[in-house]
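heads up, no residue letters with this:
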DNA sequence: TATATCTGAGTGAACATTCATTCCGCTCCC
DNA sequence: GGGAGCGGAATGAATGTTCACTCAGATATA
């Protein structure tokens, strides 16, 4: 058997179960049974339930970052970058509901709050990620409203996440037109 | 002693503890100890932990609704209503961080998802609440973008909630100017 | 055979909930 | 007035369950 088929399977199953039942609704025994491994095997690959939860986050984060990566990105205008990133993000979320649900759980938990706090401190030191870089440039070029980055972030990404959630919960159906119009509306919120 | 001092104290303490430590991080024993009542006393007033959680939500919801109520509301224009409601909501949240944190927990849990689903079905039958009535009117008067109500909702309220959260977490400091500018930005997102 | 990997019954801690018992304020009779 | 008796309110130790995690032994691999 390949080196870490078991590890992969544990990750796959745990993501799915936690997306569905939450951190506290998912016991290690459930993960073990569904992944068809012994309860102890999980602990060969992950030190604790916490470590597993963090590894699942890294997994989802990497996949998401890949979905936001495009080659000629550097030649895009601010507006083009905004549309590209937001559309890609929304599309990724609705095409990967398990990842979305997992990330939602994660960010609305002490794990996620700690993560955001660490990110926030890092950003203060300049190691911004894709979105913050975009908003910083938009600000300094005078294209975006003169508001704190955190506010621009909320205006542009809050609605995207809420829409992904409502689409996945079946409250309405996002299609290509609606995605375009929604991202345009987010742009209206941040543009000067 | 007045009829239900103990009940009031249990509610007060439970809201605080759950806002801080979450549903699963707050045991009934913690609530009992902090409220200085016996563990069994809680069950005189609330059938179960679930029932307590729902009662706390009702409590917070009522207080919030009060904060959004103003007398001459009916004479406001759509735009005025939008600004009034959004500003009041944001102010309420940052002035009542415990309620905000509790509601955040609640809506990001199976309780909240069930609640939203029920609301959604009720709305389909026309029993809209304040915000949905506003957006419906904005739509039919052609003032707002021709998008599904759920999307308008996300565009207008998503950022408000995110900003309240980031303010309460200390990531930035909301002041009157910033509140006004942010609500204006939300209006830009939904207005035609 | 020797080493690495895997297993799942077992462990102790934590939890929500119960219930036998105590407490306390009230009424009613002497 | 006072004390006996009553009943709802309050208590917290006890209960049964669930959980994350361990480890002695089984199994696969080399």
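Received it, and whenever you're ready, just let me know what you need. The structure presented is a predicted model; accordingly, all values stated were derived computationally and were not measured. Residues are numbered from 1 along each chain as shown, chains lettered A, B, ... in the order given.

look up how far DNA strand C lies from residue A:183.
Counting by CB to the nearest atom of the strand, to the nearest Å, the separation of residue A:183 from DNA strand C is 42 Å. C-betas here are computed from N, CA, C, even on glycine.

what helices or strands is whichever strand or helix holds that residue leaning on?
Assigned by DSSP states H and E, residue A:183 belongs to helix A:176-190. The contact analysis (3 or more CB pairs under 8 Å, 6 or more residues apart in numbering or on different chains; DSSP states H and E) places helix A:176-190 against helix A:78-95, helix A:149-168, helix B:149-168, helix B:176-190.

which strand or helix spans residue A:171?
Per DSSP H and E, residue A:171 falls between elements, in no helix or strand.

that one reaches residue B:120, doesn't it?
Yes. Under the criterion of CB atoms under 8 Å, residue A:171 makes contact with residue B:120 at 5.6 Å.

tilt between the helix holding residue A:183 and helix B:149-168?
Helix A:176-190 runs at 40 degrees relative to helix B:149-168, counting by axes from the mean of the first three to the mean of the last three CA atoms, to 10 degrees.

give the buried residues for helix A:176-190.
By 16 or more other CB atoms under 10 Å in any protein chain shown, the buried positions in helix A:176-190 come out as A:178, A:179, A:182, A:183, A:184, A:185, A:186, A:187, A:188, A:189, A:190.

okay, these in CSV with pLDDT next?
Below are those laid out as CSV (pLDDT from 0 to 100):
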residue, pLDDT
A:178, 98
A:179, 98
A:182, 98
A:183, 98
A:184, 98
A:185, 98
A:186, 98
A:187, 98
A:188, 98
A:189, 98
A:190, 98
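
picking that back up, for the helices and strands packed on helix A:176-190, which one sits closest to DNA strand D?
helix A:149-168 (24.4 Å; CB to the nearest atom of the strand).

just the angle for that closest one relative to helix A:78-95, thanks.
Going by the same axes, to 10 degrees, helix A:149-168 makes 40 degrees with helix A:78-95.

do helix A:149-168 and chain B meet?
Yes. Using CB under 8 Å from any CB of the partner chain, we find that helix A:149-168 touches chain B at A:150, A:151, A:153, A:154, A:155, A:157, A:158, A:159, A:161, A:162, A:163, A:166.

quick one: contacts for residue A:32?
Neighbour list for residue A:32: A:38, A:39, A:41, A:42 [criterion: CB atoms under 8 Å, 6 or more residues apart in numbering or on different chains].

now do whatever helix or strand residue A:33 lives in, average pLDDT.
Element membership for residue A:33 (DSSP H and E) is helix A:28-35. On average, the pLDDT along helix A:28-35 is 96.

next: stretch A:70-84.
The average pLDDT for stretch A:70-84 rounds to 89.

in it, what counts as buried?
For stretch A:70-84, burial by neighbour count (16+ other CB under 10 Å) applies to A:78, A:81, A:82, A:83, A:84.

circling back: just among the contacts of residue A:32, which is most surrounded?
Counting neighbours by other CB atoms under 10 Å in any protein chain shown, residue A:42 leads these with 22 neighbours.

ok, that one - contacts?
Contacts for residue A:42 (CB under 8 Å, 6+ apart) come out as A:10, A:28, A:31, A:32, A:35, A:52.

touching, the first one and residue A:34? I think so.
To tie it back to what came earlier, the one meant is residue A:10. No. The pair residue A:10 / residue A:34 is not scored as a contact, 9.3 Å apart, by CB under 8 Å.

so who does residue A:10 touch?
Contacts of residue A:10 (CB under 8 Å, 6+ apart): A:31, A:35, A:37, A:41, A:42, A:45, A:46, A:52.

so what does it have for phi and psi?
Backbone torsions of residue A:10, given as degrees, to the nearest 10, read phi -60, psi -40.

ok, now how distant is it from DNA strand C?
Distance, residue A:10 to DNA strand C, by CB to the nearest atom of the strand: 9 Å.

also residue A:144?
On the measure of CB to the nearest atom of the strand, residue A:144 and DNA strand C end up 46 Å apart.

you'd agree that residue is up against residue A:135?
Yes. Using CB under 8 Å, residue A:144 is in contact with residue A:135, at 6.7 Å.

list residues touching both of those two?
Counting by CB under 8 Å, 6+ apart, the contacts common to residue A:144 and residue A:135 are A:152, A:190.

quickly list the domain ranges of chain A.
A:1-46, A:58-190 (automatic domain parsing).

quick one: is the shortest one near DNA strand D?
Yes. Contact check for domain A:1-46 against DNA strand D, using CB under 7 Å from any atom of the strand: residues in range are A:1, A:26, A:27, A:28, A:29, A:39, A:40, A:43.

mind checking which of those are buried?
Neighbour counting by 16+ other CB under 10 Å classes A:26, A:28 among these as buried.

which pair of the residues of helix A:149-168 next to chain B spans the longest distance?
A:150 and A:166 (23.4 Å; CB to CB).

neighbours of residue A:124, how many?
Look at residue A:124: counted by other CB under 10 Å, it has 9 neighbours.

so what pLDDT did it get?
Looking at residue A:124, its pLDDT reads 77.

could you report the distance from it to residue A:132?
As judged by CB to CB, to the nearest Å, residue A:124 and residue A:132 stand 11 Å apart.

then residue A:118?
Distance from residue A:118 to residue A:132, counting by CB to CB: 14 Å.

isn't residue A:155 up against residue B:182?
Yes. Assessed by CB under 8 Å, residue A:155 is found in contact with residue B:182 at 7.4 Å.

residues that sit against both of those two, list them.
With CB under 8 Å, 6+ apart as the test, residue A:155 and residue B:182 both reach A:147, B:159.

hmm, the helix-or-strand element of chain A with minimal mean pLDDT touching chain B?
Ranked by mean pLDDT, DSSP states H and E, the helix or strand of chain A with the weakest confidence is helix A:110-124, at a mean of 90. Yes. Using CB under 8 Å from any CB, we find that helix A:110-124 touches chain B at A:110, A:113, A:116, A:117, A:120.
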